[in-house]
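Chemist: dropping the sequence and predicted coords here.
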Amino acid sequence: MKKQFFNYNLFLFLICFKINAGAQNIQPEAKLQQYTIRIGDQTKFFLSVHQPVKEHINFPNLTDTLTGKVQIVNINKPDTALDANDRSQATITQSYTITSFDAGTYTIPSYLFGSAGGVLKSNELTLQVQTVKVDTTKGIYDIKQPIMVSYSFVDWFKDNWYWVIIPLLLIAAVIGLIVYLKNRPKPQPIVKVVKPTVPAHIIALGKLTEIQGKKLWQQEQTKQYYIELSDVLREYLENRYHLKTHEKTTDEILSDLRRIDIIDDSRRALKQILVLSDLVKFAKEKPLPLENEQVLEQAITFVKNTQQVTVKVNTEGGSSNV
């Protein structure tokens, strides 16, 4: 029975010791930015707690006054700063802008902070509010009469120069514009030089040749290889068949091509190229080297098989292309 009683007392002692140790790790503090101010001046009052980061502390609820005739003008947002030497500790600071309109010495009381380990108190402070000193040794003088000051045209111009300069500048600008419009050279007729349109298949074949020369997939740039290859084919379809392809998926492009007369072999080849390109770009597919070579050959063959055919038609006095 005595052993149980001893264990019970030891348990209570350890709990109290733990609570007391936790409370000792929490250090509330009150400070003033200035301890002496004049009537109507403002200063800041700080309440801060040095505590473990995971500890929850309840600050006192201050509203409009601290004590007596010391008023709270503004309550600022709390600021949290981690301890540079111990990242598990932090200091939370709540600042208040305060003032007083009555001279005197005011004691700012200690405030209570609630924590899991109990209630903690801050330290007391003293704020001294002083009046503005008046020199009583000097007499009271009459109010001086206004002094007459001469005001010349130069003085007036210094005060109102913009009312003179701005209208003159506007008048000069209008005159200059009129003179320019009367004397400006007559515009010469612009002769538009129409450049011959490069056929879509010529552009596509040239870009496919450039891709072949870059040797992208041989340099472990397979994804970039298929991006450029599919972009060339999409651009070719836009130029050749006037389809909007860059904003569409592969299925949408193939659906639009159903209305266009393309041989089945070319249609199947295009589908294989675009589908494989999507797998490489979005599904991280890794084709074999042989597939990388074949897909470029298929693209070149597709462009050649679907290129626009130019037919020369003989007419009187010459020939024309159709």
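Modeler: All right, it came through fine.
Chemist: pLDDT below threshold where in this structure?
Modeler: Residue ranges of the chain with pLDDT under 70: 1-24, 134-143, 191-196, 310-322.
Chemist: would you mind measuring from I175 to V149?
Modeler: To V149, I175 is 39 Å away according to CB to CB, to the nearest Å. The C-beta positions use only the backbone N, C-alpha and C, and glycine is treated the same way.
Chemist: okay, these two: which has more neighbours?
Modeler: More crowded of I175 and V149, by other CB atoms under 10 Å: I175, with 10 against 6.
Chemist: what sits up against the host helix or strand of the more buried one?
Modeler: Using DSSP states H and E, I175 sits in helix 162-183. Applying CB atoms under 8 Å, 6 or more residues apart in numbering, the contact partners of helix 162-183 are F157.
Chemist: other residues contacting the next helix or strand after that helix?
Modeler: Note on helix 162-183: by DSSP H and E, the next helix or strand toward the C-terminus is helix 200-214. Helix 200-214 has contacts (CB under 8 Å, 6+ apart) with 225, 228-229, 232-233, 235-236, 239-240, 296, 299-300, 303-304, 306-308.
Chemist: which of these count as buried?
Modeler: Neighbour counting by 16 or more other CB atoms under 10 Å classes 225, 228-229, 232-233, 235-236, 239-240, 296, 299, 303, 306-307 among these as buried.
Chemist: those in strands, which ones?
Modeler: Using DSSP state E, no member of these sits in strands.
Chemist: tabulate these (JSON lines), appending distance to K121.
Modeler: Output for these, formatted as JSON lines (distance: CB to CB, whole Å):
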{"residue": "Y225", "distance to K121": "73"}
{"residue": "E228", "distance to K121": "73"}
{"residue": "L229", "distance to K121": "76"}
{"residue": "V232", "distance to K121": "78"}
{"residue": "L233", "distance to K121": "78"}
{"residue": "E235", "distance to K121": "77"}
{"residue": "Y236", "distance to K121": "82"}
{"residue": "N239", "distance to K121": "82"}
{"residue": "R240", "distance to K121": "85"}
{"residue": "L296", "distance to K121": "81"}
{"residue": "A299", "distance to K121": "82"}
{"residue": "V303", "distance to K121": "86"}
{"residue": "T306", "distance to K121": "88"}
{"residue": "Q307", "distance to K121": "91"}
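Chemist: returning to what we had before: in helices, which of the contacts of helix 200-214 fall?
Modeler: Among the contacts of helix 200-214, the members found in helices (DSSP state H) are 225, 228-229, 232-233, 235-236, 239-240, 296, 299-300, 303-304, 306.
Chemist: and the residues you listed, which is closest to F45?
Modeler: E228 (66.9 Å; CB to CB).
Chemist: what sits against the closest one?
Modeler: Counting by CB under 8 Å, 6+ apart, E228 has contacts K207, I211, K214, L216.
Chemist: repeat that with 6 Å
Modeler: Neighbouring residues of E228 by CB atoms under 6 Å, 6 or more residues apart in numbering: I211.
Chemist: any idea how far G213 is from it?
Modeler: According to CB to CB, E228 and G213 sit 12 Å apart.
Chemist: domain map for this protein?
Modeler: Domain assignment of the chain by automatic domain parsing yields the ranges 25-130, 200-306.
Chemist: P187 is nearest to which of those domains?
Modeler: domain 200-306 (34.7 Å).
Chemist: next one: the helix holding I175 to chain centre, how far?
Modeler: Here helix 162-183 shows a centroid-to-chain-centroid distance of 45 Å under the convention CA atoms, centre = their mean, to the nearest Å.
Chemist: run a quick neighbour tally on Q272.
Modeler: Around Q272 there are 15 residues (other CB under 10 Å).
Chemist: phi, psi for it please.
Modeler: Taking degrees, to the nearest 10, you get phi -60, psi -40 for the backbone angles of Q272.
Chemist: what sits closest to it if chain neighbours are left out?
Modeler: Among residues not flanking Q272 along the chain, Q298 sits closest, at 6.8 Å (CB to CB, 6 or more residues apart in numbering).
Chemist: quick check: the one you found touching K271?
Modeler: No: Q298 is not in contact with K271 according to CB atoms under 6 Å; the separation is 10.4 Å.
Chemist: relative to Q128, how far out is R268?
Modeler: Computed with CB to CB, the distance linking R268 and Q128 is 94 Å.
Chemist: cool, I190 as well?
Modeler: The value you get for I190 to Q128, if CB to CB is used, is 84 Å.
Chemist: who has more neighbours, these two?
Modeler: Remark: of I190 and Q128, Q128 carries more neighbours, 13 against 6, as counted by other CB under 10 Å.
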